[in-house]
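1. sharing a model that was predicted from the sequence below.
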Amino acid sequence: PLVKASMVATFLETVAQRTAVPPGDIAAFQRAWAKLDSTRTGFLARWKVKALLDRLLAEGASLALDTVREPLKEERFGALLDEAQDRAARRVTAASDAAPTG
């Protein structure tokens with residue numbers, strides 16, 4: 001769920017700072033995500049992100065990013081995902097370090 005929220009936020013930034021996402025685009029995102037996350041973990045491996053973006057483009061969603069025409073945006077998007085993952089890992093580590101030991 002947190003990863004989905006992070007991805008949606010990044011998509012919004014990528015498509016010109018939109019503040020609202022049309023319901024059809026949310027549905028397209030959910031369909032594309034579900035196909036790639038068949039076990040419903042709520043997470044996608046980094047290598048599946050391009051497939052997600054390509055599926056959104058094929059559906060004509062405004063959340064789409066053309067990975068062929070705009071490879072630098074894809075790289076930036078990937079870097080943002082990596083940063084989010086690193087921050088999440090640091091929070092988990094900090095929380096476990098702060099937990100009292102029995």
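-> Thanks, I have the structure now.
2. return the residues in contact with Pro100.
-> If you count contacts by C-beta atoms under 8 Å, 6 or more residues apart in numbering, Pro100 has none. In this view, the C-beta of every residue, glycine as well, is placed from N, C-alpha and C.
3. and it, which of the three is it?
-> What DSSP: H, G, I helix; E, B strand; the rest coil gives for Pro100 is coil.
4. distance of it from Ala89?
-> 21 Å (C-beta to C-beta, to the nearest Å).
5. need the pLDDT of Ala28.
-> pLDDT for Ala28: 87.
6. the host helix or strand of Leu52: which residues count as buried?
-> With secondary structure defined by DSSP states H and E, Leu52 is part of helix 49-58. With burial defined by 16 or more other C-beta atoms under 10 Å, the residues of helix 49-58 counted as buried are Val49, Leu52, Leu53, Asp54, Arg55, Leu56, Leu57.
7. out of the residues you listed, who's nearest Gly24?
-> Closest approach between the buried residues of helix 49-58 and Gly24, by C-beta to C-beta: Leu56, at 11.4 Å.
8. the closest one touches Leu63, doesn't it?
-> Yes. At 5.4 Å, Leu56 counts as touching Leu63 under the criterion of C-beta atoms under 8 Å.
9. what residues do those two have in common as contacts?
-> Residues touching both Leu56 and Leu63 (C-beta under 8 Å, 6+ apart) are Ala28, Phe29.
10. can you tell me the distance between the two ends of stretch 55-67?
-> One end of stretch 55-67 to the other measures 11 Å (C-alpha to C-alpha, to the nearest Å).
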